[in-house]
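Q: need a 3D model of the following:
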Amino acid sequence: SEALDRYMAEGMSDVIGWFDMQCLLVLRVLSAYQLSEEIYGGVAEIGVHHGKSFVGLGLLNMDAGSSKGIALAVDVFDAQHLNTDASGEGDLQIFMSTLEAWCGSECVKAENLKVLSQDSKDLTPEDVVDAMGETKPRIFSVDGSHTAEATYVDMKTATQAVNKGGIVIVDDYFSEGWPGVSEGVIKFFYEQSETEDRFVPFFIGFNKVMFASEEFASIYMDTLHSQQAVIGDGTLQVKIQLMLGHPVVVMAEEVRCKKHTRTLLPGEACPAGMQCS
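A: Next up, the predicted model:
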């Protein structure tokens, strides 16, 4: 949509937060596939900070037209005593003004937006569905507390709340400053029952790891492969790797150093003594 293009061109750089434009392009491709296959539902995010990624999710939701759902935002906001690891600092007033400025007045209407000011460790999948008007989200971003305990709980909530074909996004999985994220995700992953619709990783890139049920993971991988030109230009490096025993698409920007060309994986720093651009 024009609004999404405008946000990427003008708005993202002005909003404080940690969200890469190319991650939004990845989500745009996946969202378009979902809608083409009638995978409907709203969007949800735990840990919205000032709304940098949530605006993108909200615009993808609005692009669904008559098939859109509710956009659900969950954050402790002013109750920063609950933010025990200081991962972000949500501000409800800034969040709402950011959302209205870049997603539009329709985004903040009660029928399109639900905000829960609470600790996500107390949030259940049933709470999510209830808050979203008895519907399930198709995209769920987990970016709240980065402790192992909180990440584990948020992964359980998100994967149980999403619609069939839903996508769960995890922030900072490979970030060296937040080891609790990978610990919580791994605990969740191996505690999944063999009989349930297991969620597996299918994408790594731009500081995110994305999960979907095994039925849809390979479909989403194929979709990203076929649309990689939409996500990046000739500097985008795409490869297939294994994560937790499952194939994933890895996307990373090529970084040119003095001595040779390196492809940096998410969370990897440029080697010492070399100048990267």
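Q: quick one: buried residues of the strand of greatest length in the chain?
A: Using DSSP state E, we find that the single longest strand of the chain is strand 246-256. Across strand 246-256, burial judged by 16 or more other C-beta atoms under 10 Å covers His246, Val248, Val249, Val250, Met251, Ala252, Val255. Where C-beta positions appear, they are placed from N, C-alpha and C, glycine not excepted.
Q: closest one of the residues you listed to Ile94?
A: If you rank the buried residues of strand 246-256 by distance to Ile94 using C-beta to C-beta, Met251 comes first, at 30.1 Å.
Q: go ahead and confirm that closest one touches Ile231.
A: Yes. The criterion here is C-beta atoms under 8 Å, and Met251 meets it with Ile231 at 6.7 Å.
Q: what residues are shared contacts of those two?
A: Residues touching both Met251 and Ile231 (C-beta atoms under 8 Å, 6 or more residues apart in numbering): Gln22, Val26, Leu224.
Q: thinking the first one is in contact with Gly232, fair?
A: Yes. Distance between Gln22 and Gly232: 6.0 Å, which falls inside the contact criterion (C-beta under 8 Å).
Q: overlap of the contact sets of these two?
A: With C-beta under 8 Å, 6+ apart, Gln22 and Gly232 have common neighbours Met251, Glu253.
Q: can you give me the helices for the stretch 101-250 of the chain?
A: 125-131, 148-161, 179-191, 214-226, 228-231 (DSSP state H, counting those that start in this stretch).
Q: three-state assignment of the residue lying closest to Ser117 once chain neighbours are set aside?
A: The shortest distance from Ser117 to any non-neighbouring residue, by C-beta to C-beta, 6 or more residues apart in numbering, is to Phe77 (4.9 Å). Judged by DSSP: H, G, I helix; E, B strand; the rest coil, the three-state class of Phe77 is coil.
Q: ok, Phe77 touching Leu116?
A: No. The criterion here is C-beta under 8 Å, and Phe77 misses it with Leu116 at 9.7 Å.
Q: who has more neighbours, the two?
A: Between Phe77 and Leu116, counted using other C-beta atoms under 10 Å, Phe77 has the larger neighbour count: 22 against 19.
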